[in-house]
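Participant: Got a sequence here, can you model it:
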Amino acid sequence: MQNTKTSWNMKHRTLLENLFQAAVQAANPLAGIRAHLPPPPVGGRTVVVGAGKGAAQMAAALESLWPDPLSGLVVTRYGYACPTQSIEVIEAAHPVPDEAGLVASRRLLDLVAGLNPQDLVIALISGGGSALLPAPPPGLRLDDEIALNQVLLSSGAPISAMNVVRKHVSMIKGGRLAAATKARVVSLIVSDIPGDIPSFVASGPTVADASTQEDALAIIENYKLDLPTGVMAHLRSPAADAPRTDDPRLSRNEHHVVASAGLSLEAAARVALTAGFTPHILSDSIEGESRDVALVHAAMAREIATKGRPFPRPSVLLSGGETTVTLRGDGGRGGRNSEFALALALAVDGLSITALAADTDGIDGVGDHAGALVDGGTVARLRAAGFEARKLLAQNDSYSGFEAIGDLLVTGPTGTNVNDFRAIIIE
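Facilitator: Okay, the predicted model is just below:
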């Protein structure tokens, strides 16, 4: 079989992978947790709860720092667990909830319900917690929450809008986990949300926000979401209302973002500068349809490549955030980052531009890859392998093409999650 990587500038490919690794390493929660540790409670217990793709690694980091006895439970995605000492780690499904997540939600609620005001709850929250904590309200079942998630994931709605809907169809999200206990709650958060809004990460199980059920209904109308009858009935009932930011049950609580996309982009920028490329961080909170965001990035990269503006060559464009994909194809495989990469490849075909788009948690959507790498020769390599890039994009099937030419980025679970990372080299 033809070597489909022959046109790659391997120096650039290696630099892209190094930039991604720097971004992931900067999102290691240990330093952030150390900086925001609360004092141990006097005369009370310390109980740890948590959810997200990085929850197990956060639990291990906390255990290495905490001076007193503690116990607790965190839930993470299948394959994302790591060894811990006194904090139990259980695994559940992501991005579509399952029975294991339902059991985890019940156990977390039970764990905090019996605590007293002198006790301390440390909540370890990271991206992915929404799917890992299904807790349908009375009258609804797990199947209803699964259907809700499937509709949201294929809708093209931004993650912030998805989470407004999710937190109003739950017994644990939207600050409800914190409201279920008399203990003080300190939340340590690894943010995967554009803008690093704490109440949006994992749909805010321990942090309330100002969104209302009317906001959730407006999102459903705006995106024409076809939800189960029972879900809609619940959203129109008083039971859908969530704790507000001024809820007295939350008055003693505090929360801290301990890692974020912004810090990861800054770390990657330092690596790029050392390699002789001037870095330009566009934003750490870009949202929108993946293929549309790719076209904007490509337009800027082409302007630099062909006209030397708005930045001189050699440059590296860096951005973060969380894009979305509206499913158009039938049975395609991919993810928002590999779809971004494919759309970008089409737009920079033939130019001396190389790029990487990947999820910092190591998994792009539901595949086994973090994202993909592309350059000005990607479209030609796909064609040589029997694929038409535009057809792949139309079918949301970026994975098949990138797998065939060996340009998937496969890292495995990274133990953290600060949303997407994109780097574009123009020389």
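Participant: next one: phi and psi at V257?
Facilitator: Here is the backbone geometry of V257 (degrees, to the nearest 10): phi -80, psi 120.
Participant: That one touches G195, doesn't it?
Facilitator: No. Assessed by Cβ atoms under 8 Å, V257 is found out of contact with G195, at 10.5 Å. Where C-beta positions appear, they are placed from N, C-alpha and C, glycine not excepted.
Participant: Give me the more crowded residue out of those two.
Facilitator: Legend: neighbour count by other Cβ atoms under 10 Å for V257 and G195, higher for V257 (21 against 15).
Participant: if I look at T46, how far off is D119?
Facilitator: As judged by Cβ to Cβ, to the nearest Å, T46 and D119 stand 7 Å apart.
Participant: What of P38?
Facilitator: For P38, the distance to D119 equals 12 Å [Cβ to Cβ].
Participant: How about Q57?
Facilitator: 25 Å.
Participant: neighbour-wise, which of those two wins?
Facilitator: For Q57 versus D119, the count of surrounding residues by other Cβ under 10 Å is larger for Q57: 28 against 19.
Participant: Secondary structure element holding that one?
Facilitator: Assigned by DSSP states H and E, Q57 falls within helix 55-65.
Participant: The spatially closest residue to D368 that is not a sequence neighbour: neighbour count?
Facilitator: Computed as Cβ to Cβ, 6 or more residues apart in numbering, the closest residue to D368 that is not its neighbour in sequence is V410, at 6.5 Å. Using other Cβ under 10 Å, V410 has 15 other residues around it.
Participant: so what's V410 up against?
Facilitator: Contacts for V410 were tallied using Cβ atoms under 8 Å, 6 or more residues apart in numbering; they are 368-370.
Participant: Now flag whichever of those is closest to D349.
Facilitator: Set against D349, the nearest of the contacts of V410 by Cβ to Cβ is H369 (22.2 Å).
Participant: can you confirm the closest one is in a strand?
Facilitator: No. Assigned with DSSP: H, G, I helix; E, B strand; the rest coil, H369 falls outside any strand and is coil.
Participant: Domains in this protein, by residue range?
Facilitator: 10-25+262-426, 29-259 (automatic domain parsing).
Participant: Kindly reformat these as a markdown table containing mean pLDDT.
Facilitator: Output for the domains of the chain, formatted as a markdown table (pLDDT from 0 to 100):
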| stretch | mean pLDDT |
| --- | --- |
| domain 10-25+262-426 | 94 |
| domain 29-259 | 95 |
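Participant: Just to check, A345 is in contact with V374?
Facilitator: Yes. With contact taken as Cβ under 8 Å, A345 and V374 are classed as touching, separated by 4.0 Å.
Participant: out of the two, which sits in the busier spot?
Facilitator: Neighbour totals were compared for A345 and V374, and V374 leads with 34 against 30 (other Cβ under 10 Å).
Participant: where along the stretch 301-427 of the chain do the helices fall?
Facilitator: For the stretch 301-427 of the chain, helices defined by DSSP state H, counting those that start in this stretch occupy the ranges 336-347, 378-384, 389-394, 398-405.
Participant: Go through those and pick out the most buried.
Facilitator: Ranked by mean neighbour count, the helices of the stretch 301-427 of the chain are led by helix 336-347 with a mean of 28 (mean count of other Cβ atoms under 10 Å).
Participant: Determine how far that helix lies from the middle of the whole chain.
Facilitator: Offset of helix 336-347 from its chain centre (Cα atoms, centre = their mean, to the nearest Å): 18 Å.
Participant: For it, C-alpha coordinates in CSV please.
Facilitator: Output of helix 336-347 as CSV, limited to C-alpha atoms (Å, rounded to 0.1, in the frame of the first residue of the first chain):
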residue,chain,number,x,y,z
ARG,A,336,-16.2,17.5,16.3
ASN,A,337,-12.4,17.8,16.1
SER,A,338,-11.9,15.4,13.2
GLU,A,339,-14.7,17.1,11.4
PHE,A,340,-13.0,20.5,12.0
ALA,A,341,-9.8,19.0,10.7
LEU,A,342,-11.4,17.6,7.5
ALA,A,343,-13.2,20.9,6.8
LEU,A,344,-9.9,22.8,7.3
ALA,A,345,-8.0,20.4,5.0
LEU,A,346,-10.5,21.1,2.2
ALA,A,347,-10.0,24.9,2.7
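Participant: helices or strands up against it?
Facilitator: Judged by 3 or more Cβ pairs under 8 Å, 6 or more residues apart in numbering; DSSP states H and E, helix 336-347 is in contact with helix 290-307, strand 353-359, strand 371-375, helix 378-384, helix 389-394, helix 398-405, strand 420-426.
Participant: Which one, of those, ends up nearest to A81?
Facilitator: That would be, of these and by Cβ to Cβ, strand 353-359, which comes in at 18.6 Å.
Participant: what's the angle between the closest one and strand 371-375?
Facilitator: Inter-element angle recorded for strand 353-359 and strand 371-375: 170 degrees (by axes from the mean of the first three to the mean of the last three Cα atoms, to 10 degrees).
Participant: Quick check: neighbours of strand 353-359 in the sheet, parallel or antiparallel?
Facilitator: Sheet pairing for strand 353-359, assigned by DSSP bridges, gives strand 371-375 (antiparallel), strand 420-426 (antiparallel).
Participant: Including distance to A341, could these go into JSON lines?
Facilitator: Converted to JSON lines, the strands paired with strand 353-359 look like this (distance: least, Cβ to Cβ, whole Å):
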{"stretch": "strand 371-375", "distance to A341": "4"}
{"stretch": "strand 420-426", "distance to A341": "9"}
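Participant: check contacts around the closest residue in space to K167 that isn't next to it in sequence.
Facilitator: In space, and not counting its chain neighbours, K167 is closest to G174: 3.3 Å by Cβ to Cβ, 6+ apart. Counting by Cβ under 8 Å, 6+ apart, G174 makes contact with 167-168, 199, 203-205, 208-209, 211, 242-243.
Participant: change it to 10 Å
Facilitator: By Cβ atoms under 10 Å, 6 or more residues apart in numbering, the contact set of G174 is 163-164, 166-168, 199, 203-209, 211, 240-244.
Participant: And for L109?
Facilitator: 49, 133, 135, 171-172, 176-177, 180-181, 205.
Participant: One more: V231?
Facilitator: 136-137, 139-140, 144-145, 147-148, 151, 165, 168-169, 220, 225, 240.
Participant: Quick one: buried ones out of these?
Facilitator: Among these, those that count as buried by neighbour count (16 or more other Cβ atoms under 10 Å) are 136-137, 140, 144-145, 147-148, 151, 165, 168-169, 220, 225, 240.
Participant: Closest one of the residues you listed to L250?
Facilitator: Using Cβ to Cβ, H168 is the member of the buried ones among the contacts of V231 that lies nearest L250, at 17.2 Å.
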